[in-house]
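Participant: Sequence and predicted model, in that order:
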Amino acid sequence: MSQPLPRKFLSQLRQAQEELQTLARRARTTLEQLQSARRPPDEIEANLRDMESSAYRIALELTDLKLADDCRNC
């Protein structure tokens with residue numbers, strides 16, 4: 001059962017959601033480029049490494065959220 005989160009987390013969660021959607025679009029584009037060989041391999045590798053670091057950054061930001069069992073501590 002999901003519980004409501006304090007409003008202060010809403011903007012951070014929305015930003016993470018938007019960044020993950022952007023990351024997914026970039027992954028799709030990079031895969032299409034890889035399949036069609038439109039880009040040099042070193043450019044594709046750089047894109048993949050950038051996406052990897054973005055994913056880890058987003059995960060770390062989400063890990064930093066401090067969630068309470070209830071809103072008495074909010």
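Facilitator: Thanks, I have the structure now.
Participant: With adjacent residues omitted, what lies nearest to the most centrally placed residue in the chain?
Facilitator: For the chain, residue 20 is the residue whose C-alpha lies nearest the centre (Cα atoms, centre = their mean; 3.3 Å). Once flanking residues are discounted, residue 20 sits nearest to residue 58: 6.2 Å by Cβ to Cβ, 6 or more residues apart in numbering. Backbone N, C-alpha and C define where each C-beta goes, glycine included.
Participant: Look at the residue nearest to the centre of the chain and give its secondary structure.
Facilitator: Per DSSP: H, G, I helix; E, B strand; the rest coil, the secondary structure class of residue 20 is helix.
Participant: Pretty sure it sits against residue 59.
Facilitator: No - assessed by Cβ atoms under 8 Å, residue 20 is found out of contact with residue 59, at 9.7 Å.
Participant: Name all residues that make contact with the residue nearest to residue 20.
Facilitator: Neighbour list for residue 58: 16, 19-20, 23 [criterion: Cβ atoms under 8 Å, 6 or more residues apart in numbering].
Participant: Perfect, I'm done here.
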